[in-house]
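# Below: sequence and its predicted model.
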Amino acid sequence: MKRPEPVQVIKQRRDAALQGLVTRIPYIQFLGIQFDRRGDELTAILPFADHLIGNPMLPALHGGATAAFLEVAAIIELSWTALWEKMEGGAGEKPSLLMPKTIDFSVDYLRTGLPRDAYARARVNRSGRRYASVHVEAWQDNRARPFAQATGHFLIPTPA
Amino acid sequence: MQDLTDTEIEERRTRIGQAFVAALPHATALGMELTEIGSGRAVVSMNYDPRFVGDPDSGVIHGGAVSALMDTCAGAAVMAHPNGPQGTATLDLRIDYMRPATPGQRITATADCYHVTRSVAFVRAVATDLDTDRPVAAATGAFTIEMPA
């Protein structure tokens, strides 16, 4: 019987795959977004920074920074889901890192974004051969009180 | 709700324009510039920057940066409405991405606040690169209106 791979080897491979996906995208670095992985579950983290502020009087996160954070979380979740299946399928084929293209993205602002770290989790509601629908929710101190949510449709990349 | 006089409106617009550049750290971080402001209308543009790229294979700007531009421009259009709101916040914003913006080109958003009630403003916006006949993205949004007490 084949011995299972040591857990550290598996973790290292998965973390490297995730980092490979995330570090390629300049805008993710610009916003300072990080990803926390537990098994296949991802949480996007937006550490607070002054340049994310939209209204300095409150102060509050810029709606555009919030929208970008949600869109990044949705796109990475979608790419990660595809990458995970290939990686764990053991087919050994090199997974595609082509980015999904956003068709539309609709953001619902529920509360003021506070000058604190924000977190987001996305769920792929439907992913077909060409199109995918993804929902994403972001919160700050309290998971049960999201400050923004969004639904987007994406075009699945097909290698040329 | 009393409409402001022409001079008041003009003063307001200038003030909004100046405040806009100085007071929105995220807009400043993205290098946004308010190039036009009129009655319920605003034009904001942003230079191409390799730091804003979302697709490293094509060099196309991330949708999130376009969203930030649209949101900022739409908010400015609300503030420029003749009813003279004191403040505004985004309630919802939907963006349709019609085509990728051409890498290297400046992106310009134009927003029109086409209707306001006592508490809500409705806005449409469109973004183009140098090929102004073919929009890159379109947005519709609802914004809160905070009136002077």
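Received, thanks. Numbering: from 1, shown residues only, chains lettered A, B, ... in the order given.

# any low-confidence regions in chain B?
Low-confidence segments of chain B (pLDDT under 70): B:1-4, B:14, B:17-22.

# list the contacts for the nearest residue to B:L93 once chain neighbours are set aside?
Excluding the flanking residues, the one nearest B:L93 by C-beta to C-beta, 6 or more residues apart in numbering or on different chains is B:G141, at 3.9 Å. Where you see a C-beta, it was placed from the backbone N, CA and C, and this is true even at glycine. For B:G141, the contact set (C-beta atoms under 8 Å, 6 or more residues apart in numbering or on different chains) comprises B:70-71, B:74, B:90-94, B:122-123, B:125.

# how about stretch A:152-160: buried residues?
Buried residues in stretch A:152-160, defined by neighbour count with 16 or more other C-beta atoms under 10 Å in any protein chain shown: A:152-154, A:156-157.

# Contacts only, for B:A127.
By C-beta under 8 Å, 6+ apart, the neighbours of B:A127 are B:66, B:69-70, B:101, B:107-110, B:135-139.

# now these as JSON lines including distance to B:L30?
Converted to JSON lines, the contacts of B:A127 look like this (distance: C-beta to C-beta, whole Å):
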{"residue": "B:V66", "distance to B:L30": "10"}
{"residue": "B:L69", "distance to B:L30": "7"}
{"residue": "B:M70", "distance to B:L30": "12"}
{"residue": "B:A101", "distance to B:L30": "14"}
{"residue": "B:I107", "distance to B:L30": "10"}
{"residue": "B:T108", "distance to B:L30": "13"}
{"residue": "B:A109", "distance to B:L30": "12"}
{"residue": "B:T110", "distance to B:L30": "17"}
{"residue": "B:P135", "distance to B:L30": "20"}
{"residue": "B:V136", "distance to B:L30": "16"}
{"residue": "B:A137", "distance to B:L30": "15"}
{"residue": "B:A138", "distance to B:L30": "19"}
{"residue": "B:A139", "distance to B:L30": "16"}
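
# can you give me the helices in chain B?
Read by DSSP state H, chain B holds these helices, from start to end of the chain: B:6-23, B:25-29, B:63-79.

# follow-up on the earlier one: so which of the contacts of B:A127 comes closest to A:L18?
Nearest to A:L18, judged by C-beta to C-beta, of the contacts of B:A127 is B:V66 at 25.3 Å.

# got the residue ranges for the strands in chain A?
A:34-38, A:41-46, A:53-55, A:60-61, A:101-109, A:118-127, A:131-139, A:148-155 (DSSP state E).

# Make CSV out of those and add distance to chain B.
Shown next, in CSV, are these (distance: least, C-beta to the nearest C-beta, whole Å):
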stretch, distance to chain B
strand A:34-38, 15
strand A:41-46, 11
strand A:53-55, 4
strand A:60-61, 8
strand A:101-109, 4
strand A:118-127, 12
strand A:131-139, 12
strand A:148-155, 9
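
# Least confident of these, on average?
Note on the strands of chain A: lowest mean pLDDT is at strand A:53-55, with a mean of 88.

# quick one: strands adjacent to that strand?
The pairing partners recorded for strand A:53-55 under DSSP bridges are strand A:60-61 (antiparallel).

# Would you mind giving the contacts of B:G141 as a markdown table with distance to A:Y109 added?
Below are the contacts of B:G141 laid out as a markdown table (distance: C-beta to C-beta, whole Å):
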| residue | distance to A:Y109 |
| --- | --- |
| B:M70 | 14 |
| B:D71 | 10 |
| B:A74 | 12 |
| B:T90 | 5 |
| B:L91 | 6 |
| B:D92 | 6 |
| B:L93 | 8 |
| B:R94 | 12 |
| B:F122 | 15 |
| B:V123 | 14 |
| B:A125 | 16 |
